[in-house]
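Participant: structure, please.
(one chain, ligands or ions: 1)
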Amino acid sequence: MNGDFLPASEAKISVFDRGFLYGDGVFEGIRGYDGRIFRLDQHLDRLWRGAKAIRLSLPMSREELREVVLETVRRSGLKDVYIRLVMSRGTGDLGLDPRNCHDATTLVVIVDKLSLYPREVYETGLEVITCVTRRNLPTALNPEVKSLNYLNNILAKIEVGDANAHEGLMLNHLGFISEATGDNVFICQQGKLVTPPVSAGILEGITRQVVIELAEEMNIPLAEDNLTVYQVYTADECFLTGTAAEIVPVRRVDGREIGDGKPGPITRRLMARFKEVTLAEGVPVT
Ligand code: PXG
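Facilitator: Below is the predicted model of the structure:
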């Protein structure tokens, strides 16, 4: 935290921190597999773009932060990790104006074990609903910025809990599918993958990008196109992608069974290849 390595119980943030007061900052969620950090540079690139978009000055160079991440993982002694990078605009007066910040950007790197969906959902698939809460308007607060303000997604997640489902799909202002509350979405129809484009108002997921690359490598046709709820209901296969979730099949959406209600063949092939790739690539920690 801000240059110090601390046990979790001693890592404390000021009540005047703008991340706490206003959600004024950006973050990243990164995974490490077997002592290697998966797609570290893509995560840092996205963090840098987000920080630039919200005019956050970074406390160190990209190279320095990369080394801080690796050192934090090294000190944790963990081989399979979830890394949460959090940057806020620092502490200031109780006013919106960021010029009243006393301190530089707050930087926290949390290294922890993973908390995943129960193992069985990778075999049985997720129960998904469509949420009433619409995704943030990209012309207002663009979901491409992984900002500390996740209220939009949390409101959708509350709906998911009320419905006793696992996940929720969020629609954009036009009524097209954008993404799940913390994952991107893909469908497969007649052997072809479709995922919403960035212009639908989504976070451009790193895992989404990996799946796009794998589809190309495996000669599975793929398009980035607007998706209607009808297309999802009638898809042969559907899955979600995210750093924490990896590739997770969907078995039902709003009571409509997807395909025969079991993970489809293309989903399974991608899951298998994804597992290989996560173990083969990555920036070594040592
Ligand atoms: N969309 C949104 C809105 C996200 O927050 C993804 C897609 C997937 O992106 P990556 O780059 O991880 O493939 C995310 C992921 C959670 C959780 O608890 C998920 C995310 C952030 C914080 C928590 O599921 N981000």
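Participant: contacts for stretch 273-281, please.
Facilitator: 31, 33-34, 36, 38-39, 210-211, 214, 217-218, 246-247 (C-beta atoms under 8 Å, 6 or more residues apart in numbering). All C-beta spots, glycine's among them, are computed from the backbone N, C-alpha and C.
Participant: separate out the buried members of those.
Facilitator: With burial judged by 16 or more other C-beta atoms under 10 Å, the buried subset of the contacts of stretch 273-281 is R31, Y33, R36, F38, R39, V210, V211, L214, E246, I247.
Participant: just the pLDDT for the residue nearest to the fifth one when sequence neighbours are not counted.
Facilitator: Spelled out, it's R39. With sequence-adjacent residues excluded and distances taken as C-beta to C-beta, 6 or more residues apart in numbering, R39 is closest to I206, at 5.0 Å. We have a pLDDT of 98 for I206.
Participant: I'd like the distance between I206 and R55.
Facilitator: According to C-beta to C-beta, to the nearest Å, I206 and R55 sit 23 Å apart.
Participant: tell me which of these two has more neighbours.
Facilitator: I206 (22 against 8; other C-beta atoms under 10 Å).
Participant: mind listing what that one touches?
Facilitator: Under the criterion of C-beta under 8 Å, 6+ apart, the neighbours of I206 are R39, Q42, H43, R46, T243.
Participant: ok, those residues vs the ligand, which is closest?
Facilitator: Taking C-beta to the nearest ligand atom as the measure, the ligand lies nearest T243 of the contacts of I206, at 3.2 Å.
Participant: ends of stretch 28-37, how far apart?
Facilitator: End-to-end span of stretch 28-37 (C-alpha to C-alpha, to the nearest Å): 13 Å.
Participant: hang on, I meant stretch 238-250
Facilitator: End to end - C-alpha to C-alpha - stretch 238-250 spans 5 Å.
Participant: the helices in the stretch 51-200 of the chain, which residues?
Facilitator: 62-76, 121-124, 151-162 (DSSP state H, counting those that start in this stretch).
Participant: now do the buried residues in the shortest one.
Facilitator: Pointing back at helix 121-124 there. V121, Y122.
Participant: ok, the last one next?
Facilitator: Of the residues in helix 151-162, N152, N153, L155, A156, K157, E159, V160 count as buried by neighbour count, 16+ other C-beta under 10 Å.
Participant: and the second one, how far is that from the ligand?
Facilitator: Taken as C-beta to the nearest ligand atom, to the nearest Å, the spacing of N153 relative to the ligand amounts to 6 Å.
Participant: report the buried residues of stretch 31-50.
Facilitator: Quick answer for stretch 31-50 (16+ other C-beta under 10 Å): 31-33, 35-40, 43-44, 46-47, 50.
Participant: go through these and flag which are in strands.
Facilitator: Among these, the ones falling in strands (DSSP state E) are R31, G32, Y33, R36, I37.
Participant: just give me the closest of those residues to the ligand.
Facilitator: The closest of those, once distances to the ligand are taken by C-beta to the nearest ligand atom, is R31, at 8.3 Å.
Participant: which ones, among the contacts of I206, also lie beside the ligand?
Facilitator: T243 (C-beta under 6 Å from any ligand atom).
Participant: just the ones of the contacts of I206 in helices?
Facilitator: Q42, H43, R46 (DSSP state H).
Participant: format the residues you listed as JSON lines; extra columns: pLDDT and distance to V26.
Facilitator: What follows is these, written out as JSON lines (pLDDT from 0 to 100; distance: C-beta to C-beta, whole Å):
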{"residue": "Q42", "pLDDT": "98", "distance to V26": "15"}
{"residue": "H43", "pLDDT": "98", "distance to V26": "11"}
{"residue": "R46", "pLDDT": "98", "distance to V26": "9"}
